[in-house]
Every structure is written in structure tokens, then in C-alpha cells.
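1. Predicted structure and sequence below. I'll ask about it afterward.
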Amino acid sequence: MSQGRTIVVGITGGIAAYKAVNIVRAFVLLGDSVHVVATPAALRFVGRPTLEAISRNPVHTDLYEGVAEVRHVAIGQSADLIVVAPATANTIAKLAAGLADDLLGNTILASTAPLVIAPAMHTEMWNNPATVHNVQTLRNRGVIVVGPGVGRLTGSDSGAGRMEEPDVIVAAALAALHPGTPARDLSGRRIVITAGGTREPLDPVRFLGNRSSGKQGVRLAEAATARGASVVLIAANLEIPVPAGIETRLVGTALELQSAVTDAAAGADAVIMAAAVADYRPATVRGDKIKKDDEGDTLTLELVRNPDILAGLAAAKTTGQLVIGFAAETEADPDRLLSLGREKLARKGCDYLVLNRVGWTEGFAAERNEVRILDSAGVIVAEAAGTKMSVAGRILDVVVAGLG
Ligand code: C5P
């Protein structure tokens, strides 16, 4: 199980420090030996016992502990990889200046290992010219900067500055351990990805929706970008932050999604329809809020069919373009699930179909996914089970092979 690798996770003083626990855990589960170096401020956000239990190692913070073993350089020298998450504006400034006034600064200066940082701060701090300059300095030195994402921040505000999700940080860190991977095998390719779930309004305050969080689609967009593709993400009501640096078009309804994806598909090498699109929408959208006093004990809604966007894209696709659909089904029997997938493939006419089972607890919003990928003949060409990031990687392998 042991990878024989030593990973140092540096945690600095931001509220996102609590999410760093998941990063530590992910490396431990991979079999790595994980050493947490936390700044004193980080320990105000997440407790030392939690980090020690999860990392299975003592947590170091103090420059003047372990002096006899020259700990301030020993940790850095032993590291195969250093991940700083969250990296505050203050830590980024110190790293850019090469300061070593705490154990983390010493550890990083004493190390030649790849350094991955996941910034987390308020939008104003991220956009401040000092931070912009410091981040650029670090990038120029080869530091890998993951995120930040755009989305809800600690207060009631939102914007750029949210720490990237732990699985994305871990994936970037693993890629940094093996330079050259992920392959830039989508470079020069244009890929359109839909994500999330459409919402069909009933009146100004209500909608018909579904439980899609958009996670799988967003991971696909991130993974495709990392592999060199130019990505357009068509985002319908995402429950996770829109990734920074990916061209994103926000849509609400199925008809809006249809217009955005049809527009973006022109000239694209592949269109991946990961979004959960409503099959029906209310026949009329009331101008005013529906009132129970007017409706009585029952309310009947008339719904009309939405266009099948995927089938439309598949019918209109240009030579060489790949159209990939998703099928999320509640069927528990694997064989019957496969038959449903094959029927759907035939109906939709797409090149590949990513088939997964969904239920009350599976599929939607979960961190993990389990899929089978069918080609246009209904043959299973790939299977994947794991984080949505790793499943995204497998789907993109199929896209790369299909593009030839
Ligand atoms: O028919 P079903 O909804 O199961 O098909 C799922 C696939 O079709 C997904 O790729 C989804 O994005 C797409 N779809 C669509 N237009 C619809 C319904 C689903 O493009 N109206």
C-alpha cells in the first residue's frame, strides 16, 4: 500500500484550513507518509489533534522545536512534494519574498520538491496588485497554483478566492509528482461541456428542477483544461463554484442551455452533455406567484416536452466532431441498466454514452461516481469508479481516443 513518498501539507491561517483535513486524508489513503506543517494561525481554525489523527504523524508548527534534529530543514529535505492549502495572501507574499520566519517558510526554502499552492482569500485580496504580482512571481518559479475557484466566500459575498476543492488539489499535486502528466493530449482541441441541472420556472419564485450538482461536469471542464483543451463550460445552476479561468456561460432553463450549447458547438471538437436537462417545462409561466387560496386543494400543472438537445446535437454534428451523452438511471440491475443505456444510445445517436446509476444517495452531489462508457455500437469501451476527477480523466481518455 505504501507509496514510499513523503508529502508535506502546509496549512496556513484561513477558514478553508478545515478542508485541508480532506487533503491530508486523501494522501494517507494513497499510502503516502504525510507530515503537516501548520502555521500557528492555521491551528486557530483546525485542531492539532484532528490533523495528527488524520495524518498519523505529529504536527509541527514551531521553528524552535526539534532543533537538535535540525527540523527546520529536515522536513523540507525529506519531502517529495509540498502542498500548501489553504495558502493565504500573507503566506503567498512570504513565499514570493523567500521569507523563512516560521517552520513552513524554512521547510519550503530547504526543499527542492515540487510546490503546489491552493490560494484562498477574499476577492479583493486576490485581485490586489501585490497578490497578483506575488502569484506571478511564484508561477515564474515553477510553483503550481491550483485555483482559486469563484463562488461563495466565508461571508455572504461571493467571487474569486474560494479554495479549490480538495480532490482537485490532490489531483494537481499528484500530477506535479509526475511531470508530463496529465498528458497535454487535448491541446488545440475545443471542448464544450454542459454541467448542472436546468430549472424550469413555474412563476417568479418557483421552478421544477433536479438534484444534479454539476460536480461531474465541472471536473470534466477542469481535467480537459489541464490536458490543454480550450473549454467552454455551459453551467446550469451549479451547486459548486464555477472554476476560475474556464470560459463559462451561465444558463437557467433547458431552452437557454440549448441555445448556448448549440452556439458553442459550432467548431468544437467534442460536446459533452453532462448536464441534467429537464424533459418537460411548464406550458405557461405565471407572471405572478401562484396562490393556494386561488388554486384550492389540488393544483394541476400542464407540462410540455423540451427539445432533446443531445439528439439535436448528434443529428447536426459536423464531420469529426464527437457528441457524448450521459444517462443517469435508477435501475439497480446492472444488465438492465446496460440495456437502458444501449436503447438510449440508439435513440440519441451520440458517439458515446456515459452510463451511471443514480439514487437517493448515489450519483448526484456525491464525491464519487461509477460509470460505464459505451460507444455508438453499445460496446463498453471503458469503466471507471472513483472520485469525479478520476472519472473525468477516464471519460477524456475515451474522447482522446475517439478524436484519433
Ligand atoms: O433522456 P435522458 O434525459 O435520460 O438523457 C440524458 C442525456 O441527454 C444527457 O446527456 C442530457 O444532457 C441529455 N438531454 C438533453 N435534452 C433533454 C434531456 C436530456 O440533451 N431534453
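-> Received the coordinates, thanks.
2. pretty sure residue 394 is touching residue 387, no?
-> No - counting by C-beta atoms under 8 Å, residue 394 stays clear of residue 387, with 10.9 Å between them. Yep, even glycine has a C-beta here, placed from its N, CA and C like the rest.
3. Write out the residues of this protein neighbouring the ligand.
-> 254, 273, 275, 277, 279, 306, 308, 309, 310, 325, 326, 327 (C-beta under 6 Å from any ligand atom).
4. Just among these, which is most surrounded?
-> Among the residues of the chain next to the ligand, residue 275 has the most neighbours (other C-beta atoms under 10 Å), with 29 neighbours.
5. any idea what sits nearest that residue, other than its immediate chain neighbours?
-> Leaving aside its sequence neighbours, residue 275 sits nearest to residue 194 (C-beta to C-beta, 6 or more residues apart in numbering; 3.7 Å).
6. check which helix or strand covers the one you found.
-> strand 190-196 (DSSP states H and E).
7. and that strand, what does it pack onto?
-> The contact analysis (3 or more C-beta pairs under 8 Å, 6 or more residues apart in numbering; DSSP states H and E) places strand 190-196 against helix 215-226, strand 230-236, helix 254-265, strand 270-273.
8. relative to strand 230-236, how tilted is it?
-> 20 degrees (axes from the mean of the first three to the mean of the last three C-alpha atoms, to 10 degrees).
9. From the rest of the structure, what touches stretch 290-300?
-> Defining contact as C-beta atoms under 8 Å, 6 or more residues apart in numbering, one finds that stretch 290-300 is touched by 202, 203, 206.
10. burial measure for the residue lying closest to residue 251 once chain neighbours are set aside, as a count.
-> Using C-beta to C-beta, 6+ apart and skipping the chain neighbours, the partner closest in space to residue 251 is residue 257 (4.6 Å). Neighbourhood size, residue 257 [other C-beta under 10 Å]: 25.
11. In this structure residue 257 contacts residue 237, no?
-> No - in this structure, residue 257 is not within contact of residue 237 by C-beta under 8 Å, at 10.1 Å.
12. what's the overlap in contacts for these two?
-> Joint contacts of residue 257 and residue 237 (C-beta under 8 Å, 6+ apart) are residue 198.
13. contacting residues around the residue nearest to residue 251?
-> 194, 198, 234, 236, 251, 275, 277, 309.
14. rerun at 10 Å
-> 194, 196-198, 234-236, 249, 251, 273, 275, 277-278, 306, 309 (C-beta atoms under 10 Å, 6 or more residues apart in numbering).
15. Then residue 265?
-> Residue 265 neighbours (C-beta under 10 Å, 6+ apart): 190, 192, 232, 234, 271, 309, 312-313, 316-318, 321, 323.
16. what about burial for those residues, which qualify?
-> 190, 192, 232, 234, 271, 309, 312, 313, 317, 321, 323 (16 or more other C-beta atoms under 10 Å).
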